[in-house]
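Visitor: need a structure here:
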Amino acid sequence: MKKVKKNFYGIFLISLFVIFGFMELPMQAQAVEPKMTDILITNNTENVLLYARLVNGFKPDTELAILAGIPATFTLQLEVHQVRSFVWDKKITSHEIKRTIKYDNLKKTFSVYTNGNPQPVIFSDFESAQKAMADFNGIIAVPLASLVKGGNYYLLIKVKMDKARLPLHMENVFFFVSYWDFETAWERQNFSY
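Guide: From the prediction side, this is the model:
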């Protein structure tokens, strides 16, 4: 009888540890969730410009995979809407900006491609390449000619990391790359013209 009681208490304590251990995981995951910060909307003589930064976009397993030669792609999704009082808001424009980082193990350099441009920007250190991937500076949101003077508008942005595509469907073997996928929440920034 005492042995059964000891086993019961042991199983009970282990169960509590497992339950409360798993309850802490979502709180820890929230602390490092990727998000857009430092959002600024301004304009020049022709366009409305966006400045923003992605934080916590590179997880440790993502960094290791990039250093192993697996490319990673961030996609910035951007929408501009006009605020209207009595009808639904009007979408003025939407577009995507893709950035891909690749590591060349022979040259020990990082290449950052934007929107499939065949000429990448080359970096010798990973930190600079990460910064280039995460900083969205001077992005053209919408031409001023598309806006009505005195109107109220808002910009929606979010970033997602595209699923890794490995040759010969190797992502089925290296299942951990499916955990890279993330998508930030939509961030809204109001502005007037």
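Visitor: Just give me the neighbour total for Thr45.
Guide: Using other CB atoms under 10 Å, Thr45 has 5 neighbouring residues. Just so you know, the C-beta spots here come from the backbone N, C-alpha and C atoms, and that holds for glycine as well.
Visitor: measure it to Gly69 for me?
Guide: Distance of Thr45 to Gly69, given as CB to CB, to the nearest Å: 43 Å.
Visitor: before we move on, what about Leu54?
Guide: Per CB to CB, Leu54 is found 22 Å from Gly69.
Visitor: shaky segments in the chain?
Guide: The chain contains residues with pLDDT under 70 at 1-31, 163-181.
Visitor: okay, Leu54 and Gly69: which has more neighbours?
Guide: Taking neighbours as other CB under 10 Å, Leu54 and Gly69 compare with Leu54 leading, 24 against 11.
Visitor: what comes into contact with the helix or strand that one falls within?
Guide: Assigned by DSSP states H and E, Leu54 belongs to strand 47-55. Under the contact criterion CB atoms under 8 Å, 6 or more residues apart in numbering, strand 47-55 has outside partners 34-43, 74, 78, 80, 133-144, 147, 155, 157, 159, 184, 187, 191, 193.
Visitor: again, 7 Å this time
Guide: Outside strand 47-55, the residues within contact range by CB atoms under 7 Å, 6 or more residues apart in numbering are 34-43, 74, 78, 134-144, 155, 157, 159.
Visitor: Filter those residues down to just the buried residues.
Guide: The neighbour-count test (16 or more other CB atoms under 10 Å) marks 34, 36, 41, 43, 74, 78, 134, 136, 139-142, 155, 157, 159 as buried among the contacts of strand 47-55.
Visitor: can you state the direction angle for the longest strand along the chain and strand 47-55?
Guide: The longest strand of the chain (DSSP state E) is strand 90-104. Strand 90-104 runs at 50 degrees relative to strand 47-55, counting by axes from the mean of the first three to the mean of the last three CA atoms, to 10 degrees.
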